[in-house]
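Student: fold the following and give me the result.
(2 chains, ligands or ions: 2)
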Amino acid sequence: MISKVISGNEAVALGVKLSRVKVIAIYPITPQTYIIEELAAMRDKGELDAEVIRVESEHSAMAAVYGAASAGVRVYTATASQGLLYMHEMIWWVAGSRIPIVMTVGTRAVGAPWNIWNEHTDFMSERDSGWLMAFASTPQEALDLTIQAFKISEDERVFLPMMVGMDGFILSHTKTRVYIPSQEEVDSFLPSRKQPYVLDPEDPVDIGNMFQPIDYMKLRHSMHLAILNSKEVIREIGKEYEKKVVPVGSYSSLNESYKLDDAEYAIVSMGAWSLDAMQVVDELRNMGVKIGLYRIRYIRPWDEEDIKRKLGDKDGILVFDRSVSFGRGGHLYLELKATLPDVNIKGIVTGLGGVAIGKDVISSLTRKFIEGKTSDEWFYPSEVEKVELRNPRYIK
Amino acid sequence: MSLNYQFFPVSRPSEGGGGKTGNWRIVRPVVNLNKCIGCKACFLWCPENTIIPTDGKVSINYEYCKGCGVCSNVCPVKAISMVSEND
Ligand code: SF4
Ligand code: SF4
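Tutor: Ligands and ions are numbered 1, 2, ... in the order given. From the prediction side, this is the model:
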């Protein structure tokens, strides 16, 4: 193991290389482009023994890795924003085919209008597709989760694809110290690929053909159960990773708790700003407020039991969402509310399209919440009362 | 953890689930056995699994062949021609 100052994108590319991926489909979209450029450069220098396929769209990128994975090799691709949306159809085909695949999503706002900055709505809009979905909060975690994702996705109790989210720019382009495991360490953790069936002319199978209603429903049920059972798999594999690969970081649970045991209040968040939230917890604790943080690392599977255990007794929970389901609220808020219907939970949608939300904003919103003064469910810092984008002109 | 819950969306290739072609096929593939080199490309590609490798060449199960022409298109030596059902 060595440590280096690198960006989230570089960390992910190294994780992919260490996982001995054999086929990579590449299509550039900000902010993940740098990952696939890195992989292409590694391939060019002979450091990476993989086929790199340049495709003409994200839909094709997913189709290409789907085909290669169906033939039995470990594959990888990355995307973001409109690219993820363009891939949407293939994302469902892969999950429904029960084919293990790993993909990174460098999260980014969705058009219209064009906006290249960070937001989680693209990622969150895939949560019903049957993929496992983890979200990193540091470049280190992005690397570690990528390597673990291959093993989780290929576990016989799971056999579903997995995507790892990472805040666009905030993590993808920010450099920080990352511990990079050695190839031997990763090899000792990650065995060669297993999958339930492969495309093989000697033993042909049909994939994706017509299914009668009962079989179709049985398949959907099996995917549901595989996601539920993946919780145990993730914990098991996380512990093994801690032991064999990285002595930093803790992966023995799906989500992370910080100072929650004796807390009366809790902040719930996901991704990079959770680290700011952690500092807010420390700050408020110094002021005598009993507060803790629950950081969501896995959206799917959703660790309902752990959330009930850790958050069920709190006086108040404030959920920070960087994504929105229009007319309903933030996705994490909705999931939390469904898990803990009787707890006092407020959700705040903020940070969309790259709106910078730092420690101070999180702190003031949290204090307002504790004082019982939170009324708005949306927050964006602005001097103007009303955001006037354009004056409408009617056609006569 | 028992793995009984696992279920996968694959099936073994077999003649079309929709049953026999009946009278709706309008063209059918005819193999020129003098040209056929026995590469089995048509067998691999036929979506209905109605091409049967026989004696190093191929024959066609017309009971289920839907006349899509995939075999004719993939044959590297153009040994399969699609002819009208009326001929
Ligand atoms: S025409 Fe279509 S169905 Fe008939 S044998 Fe050729 S590929 Fe198969
Ligand atoms: S593809 Fe053509 S040459 Fe090959 S086996 Fe079929 S008919 Fe024969």
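Student: any regions of chain B where pLDDT drops low?
Tutor: For chain B, applying pLDDT under 70 flags the ranges B:1, B:16-19, B:22.
Student: residues from it in reach of chain A?
Tutor: With C-beta under 8 Å from any C-beta of the partner chain as the criterion, chain B meets chain A at residues B:1, B:3, B:5-13, B:17, B:44. Backbone N, C-alpha and C define where each C-beta goes, glycine included.
Student: quick one: which two of those are the most distant?
Tutor: The distance between the two most remote of these (C-beta to C-beta) is 37.5 Å, for B:Met1 and B:Leu44.
Student: of those two, who's got more company?
Tutor: B:Leu44 (13 against 9; other C-beta atoms under 10 Å in any protein chain shown).
Student: can you pull out the helices in chain A?
Tutor: Ranges of helices in chain A, per DSSP state H, are A:8-18, A:33-44, A:58-70, A:81-96, A:121-124, A:139-153, A:183-189, A:213-244, A:274-286, A:304-311, A:331-339, A:359-370.
Student: what's the angle from the fourth one to helix A:58-70?
Tutor: Read it as helix A:81-96. 30 degrees (axes from the mean of the first three to the mean of the last three C-alpha atoms, to 10 degrees).
Student: so is helix A:81-96 next to chain B?
Tutor: Yes. Using C-beta under 8 Å from any C-beta, helix A:81-96 comes into contact with chain B via A:Gly96.
Student: got the angle for that helix vs helix A:213-244?
Tutor: 110 degrees.
Student: helices or strands next to helix A:81-96 in the packing?
Tutor: Applying 3 or more C-beta pairs under 8 Å, 6 or more residues apart in numbering or on different chains; DSSP states H and E, we find helix A:81-96 packed against helix A:58-70, helix A:121-124, helix A:213-244.
Student: now do the last one
Tutor: Helix A:359-370 sits against strand A:265-269, helix A:274-286, strand A:316-321, strand A:345-350, with contacts defined as 3+ C-beta pairs under 8 Å, 6+ apart.
Student: tell me the gap between the last one and the middle of its chain.
Tutor: Which is strand A:345-350. Distance, stretch centre to chain centre, for strand A:345-350: 19 Å (C-alpha atoms, centre = their mean, to the nearest Å).
Student: same question, stretch A:352-372
Tutor: 22 Å.
Student: please apply the same query to stretch A:235-255.
Tutor: Stretch A:235-255 has its C-alpha centroid displaced from the chain centroid by 17 Å (C-alpha atoms, centre = their mean).
Student: are that stretch and chain B in contact anywhere?
Tutor: No. If you take C-beta under 8 Å from any C-beta as the test, stretch A:235-255 misses chain B, and the best it gets is 10.2 Å.
Student: what about B:Pro53, distance to ligand 2?
Tutor: Distance from B:Pro53 to ligand 2, counting by C-beta to the nearest ligand atom, to the nearest Å: 7 Å.
Student: who does that residue bridge with?
Tutor: B:Val58 (DSSP bridges).
Student: what sits against it?
Tutor: Going by C-beta atoms under 8 Å, 6 or more residues apart in numbering or on different chains, B:Pro53 touches B:38, B:40, B:43.
Student: now the second one. Nearest residue, chain neighbours left out?
Tutor: Sequence neighbours aside, B:Pro53 is the residue nearest to B:Lys40 in space, at 5.7 Å (criterion: C-beta to C-beta, 6 or more residues apart in numbering or on different chains).
Student: sorry, back to before: and the helices of chain A as TSV, adding mean neighbour count and mean pLDDT?
Tutor: Shown next, in TSV, are those (neighbours: other C-beta atoms under 10 Å in any protein chain shown; pLDDT from 0 to 100):
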stretch	mean neighbour count	mean pLDDT
helix A:8-18	27	98
helix A:33-44	19	96
helix A:58-70	23	98
helix A:81-96	20	98
helix A:121-124	24	98
helix A:139-153	27	97
helix A:183-189	16	97
helix A:213-244	17	97
helix A:274-286	18	97
helix A:304-311	16	98
helix A:331-339	20	98
helix A:359-370	18	95
